[in-house]
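Enquirer: Whatever this is, show me its structure:
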Amino acid sequence: MVSLAQVLGFIIGPGLQALVTPLGRHGHVWLWGGMHVNMYTASGWINVIMSMGNFFMFMPFIFQEHKIAAREVMVMQGGTSERDTWKAIKPNYFSAWTLIVAFFVLVFNFVLLETLGTSLTMDMFAWTNDESLYYMGIFMAIAAIISLVTFVLIEPMCKLFAERFVLIWGGFSLMVIGRLLYIPWGPEPPKQAMAYNASANLNSSDPIYLGCPPTQDWCPNLPALTLTQFIIGFALTSVGYPIGVTLIQTIFSKVLGPRPQGVWMGLMTGAGCLSRVMGPVFVGSIYTRLGTYWTFGFTSVMMIISMIWLLCSNQLLIPPTIDKLAKVVELRELHKPDDQSNADANSPIDEVEDELLATSKVVRILPSSKA
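Expert: Numbers count the residues shown, from 1 in each chain. Take a look at the predicted model:
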């Protein structure tokens, strides 16, 4: 459910932009000029309200943490200390870091498309800024529905195939195909936009200013991305991304085993945050300077390498199993008090605890009068 919430948050978040687009550029001014709500700021204000709700729900008198995984294993193994139990189970660090890197690559590719979507559609399809925000919001909303359906189908697929294979062939392979489809093969370059001239007394949304800007030198030399490519690639990403993100976190938790996972989950979340930071930097340094071939060619190679790496190390992604120890214990010796060593077998049992030594633990047998 956490993975579902994360996936829907990534996708529905940009979809909110389509809902607030009718506010326009001017919007409304509230709180005596201190709160300006328009098509650009409304999503931010919605995020502020939701964050305040999150802060309230995590207050100590509402949210309480219960650590049960280590305790369950301790009971299964007949241990006496939760800390000693989970410390005795060593996770596979190679598998853990492999999944963290795979998570970074997966989120980076999705965030890159999310960040680049508006600029890419404006450059390739000569859409206005308002049109691009509106249509991308619709795409994201549809992608959220597709992701929800995909998430429901993950459990049935994992019953038919191993989780790691569903991750590789259902998640990464679709993402790889989606990235390859974004390498343009249009019949001609995208429409070239003229440099904006304020003295021409024309609006910036005039058709002559729409298209690939002249500041991007690669525009006249590379073919345009077709709308069909964009839609199919976006659809494959909407299916592959939720499968990948959900199963990476699921396998990651199982690989770590029944131990406190806060630090490791923090590392994975940090990898996701780093990918969200790298997305805009990548757009500014690669897309605007080198164009679509370099952008989507580089991300395709990144996804292919990650997929091959997961295929080569798929055996290491098998979670360890915790075997339940046998309840039957081997009896060694029954210790009796020295003064009753020659007592008659039919004499009543003294009111003393008899101690029974076993291989796994000490079992005490109480007389019937104390039972």
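
Enquirer: rest of the way, CA atoms for contacts and neighbours
Expert: Fine.

Enquirer: since we're on the residue lying closest to P213 once chain neighbours are set aside, how many residues are nearby?
Expert: The shortest distance from P213 to any residue other than its chain neighbours is 5.1 Å, reached at A193 (Cα to Cα, 6 or more residues apart in numbering). Residues within reach of A193, counting by other Cα atoms under 10 Å, total 19.

Enquirer: In this structure A193 contacts Q216, no?
Expert: No: counting by Cα atoms under 8 Å, Q216 is not a contact partner of A193; they are 10.4 Å apart.

Enquirer: on that earlier part again, quick check: phi and psi at the residue nearest to P213.
Expert: Per-residue torsions, A193: phi -90, psi 150 (degrees, to the nearest 10).

Enquirer: need the contact list for it.
Expert: 208-214 (Cα atoms under 8 Å, 6 or more residues apart in numbering).

Enquirer: swap the cut-off to 10 Å and go again
Expert: Contacts of A193 were listed using Cα atoms under 10 Å, 6 or more residues apart in numbering, and they are 123, 126, 206-215, 219.

Enquirer: Compile those residues into JSON lines and extend it with columns for neighbour count.
Expert: Shown next, in JSON lines, are the contacts of A193 (neighbours: other Cα atoms under 10 Å):
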{"residue": "D123", "neighbour count": "23"}
{"residue": "A126", "neighbour count": "23"}
{"residue": "D206", "neighbour count": "11"}
{"residue": "P207", "neighbour count": "14"}
{"residue": "I208", "neighbour count": "16"}
{"residue": "Y209", "neighbour count": "21"}
{"residue": "L210", "neighbour count": "23"}
{"residue": "G211", "neighbour count": "23"}
{"residue": "C212", "neighbour count": "26"}
{"residue": "P213", "neighbour count": "22"}
{"residue": "P214", "neighbour count": "15"}
{"residue": "T215", "neighbour count": "12"}
{"residue": "C219", "neighbour count": "24"}
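
Enquirer: which among the residues you listed gets closest to G266?
Expert: When these are ranked by distance to G266 (Cα to Cα), D123 comes first, at 37.2 Å.

Enquirer: so that closest one is in which element?
Expert: Here D123 sits within helix 93-125, counting by DSSP states H and E.

Enquirer: Packing partners of that helix?
Expert: Counting contacts by 3 or more Cα pairs under 10 Å, 6 or more residues apart in numbering; DSSP states H and E, helix 93-125 packs against helix 2-20, helix 129-160, helix 173-181, helix 227-256, helix 262-282, helix 292-312.

Enquirer: Out of the contacts of A193, which is nearest to G240?
Expert: Taking those together and measuring to G240 by Cα to Cα, the closest member is D123, at 25.8 Å.

Enquirer: nearest spatial neighbour of that closest one, skipping sequence neighbours?
Expert: On the basis of Cα to Cα, 6+ apart, the spatially nearest residue to D123 that is not a chain neighbour turns out to be C212, at 4.2 Å.

Enquirer: Please report the distance of that neighbour from L181.
Expert: 20 Å (Cα to Cα, to the nearest Å).

Enquirer: For the helix holding D123, which residues meet the burial criterion?
Expert: 95-96, 98-100, 102-125 (16 or more other Cα atoms under 10 Å).

Enquirer: Low-confidence ranges, the stretch 151-300 of the chain, go.
Expert: 198-205, 259-260 (pLDDT under 70).

Enquirer: try 50 this time
Expert: Residues of the stretch 151-300 of the chain meeting the criterion pLDDT under 50: none.

Enquirer: Just want the most central residue of this protein.
Expert: For the chain, the residue nearest the mean C-alpha position is V245 (3.9 Å; Cα atoms, centre = their mean).

Enquirer: measure it to L180 for me?
Expert: As judged by Cα to Cα, V245 and L180 stand 20 Å apart.

Enquirer: Run through the bridge partners of the residue nearest to D123.
Expert: Counting by DSSP bridges, C212 is bridged to Q192.

Enquirer: Looks like it contacts N221 (just checking).
Expert: No: C212 is beyond contact range of N221, at 11.4 Å (criterion: Cα atoms under 10 Å).

Enquirer: Between the two, which contacts overlap?
Expert: Jointly contacting C212 and N221 under the rule Cα under 10 Å, 6+ apart are 189-190.

Enquirer: Can you pull the phi/psi pair for W30?
Expert: Backbone torsions of W30, given as degrees, to the nearest 10, read phi -120, psi 170.

Enquirer: How about the contacts made by it?
Expert: Contacts of W30 were listed using Cα under 10 Å, 6+ apart, and they are 36-37.

Enquirer: No further queries at this time; thank you.
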